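A.B. asks: Okay, sequence plus prediction incoming.
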Amino acid sequence: MAAKTYAIVADVNVRSGPGTSYGKVGRLRAGTRVTIACQKPGETVTGPTGTSKLWDRIGSGRYVSDTYVRTGSDGYVAPRC
């Protein structure tokens with residue numbers, strides 16, 4: 001079975017860790033689909049889907065705020081990191 005993917009809802013910076021103080025390691029455009037490897041709490045961010053401290057790891061050293069990912073949930077949808 002293919003891994004579940006989720007849509008990015010607005011252009012977002014990809015960070016090296018779960019917060020905006022971490023370095024930028026890329027940028028994703030709205031509409032890009034990502035696979036969430038795991039999720040962890042970090043800096044609280046207000047984004048297009050609300051306010052959350054959840055961050056989604058989409059690759060090694062690649063995190064985006066869960067508020068920029070359309071998961072259909074305001075909680076965990078993947079294992080904790």
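C.D. replies: Received it, and whenever you're ready, just let me know what you need. Numbering: from 1, shown residues only.
A.B. asks: tell me the mean pLDDT over stretch 58-73?
C.D. replies: Per-region confidence: stretch 58-73 scores 96 on mean pLDDT.
A.B. asks: residues of it that come out buried?
C.D. replies: Neighbour-count burial for stretch 58-73 flags 58, 62-69, 71 (criterion: 16 or more other CB atoms under 10 Å). All C-beta spots, glycine's among them, are computed from the backbone N, C-alpha and C.
A.B. asks: so who does Q39 touch?
C.D. replies: Residues near Q39 by CB atoms under 8 Å, 6 or more residues apart in numbering: 54-57, 66, 76-81.
A.B. asks: Can you tell me the element it falls in?
C.D. replies: Secondary structure from DSSP states H and E places Q39 in strand 38-47.
A.B. asks: Given the helix or strand just after that strand, what are its sheet partners and their directions?
C.D. replies: Under the assignment DSSP H and E, the closest C-terminal helix or strand after strand 38-47 is strand 50-59. Next to strand 50-59 in the sheet, as set by DSSP bridges, lie strand 38-47 (antiparallel), strand 62-65 (antiparallel).
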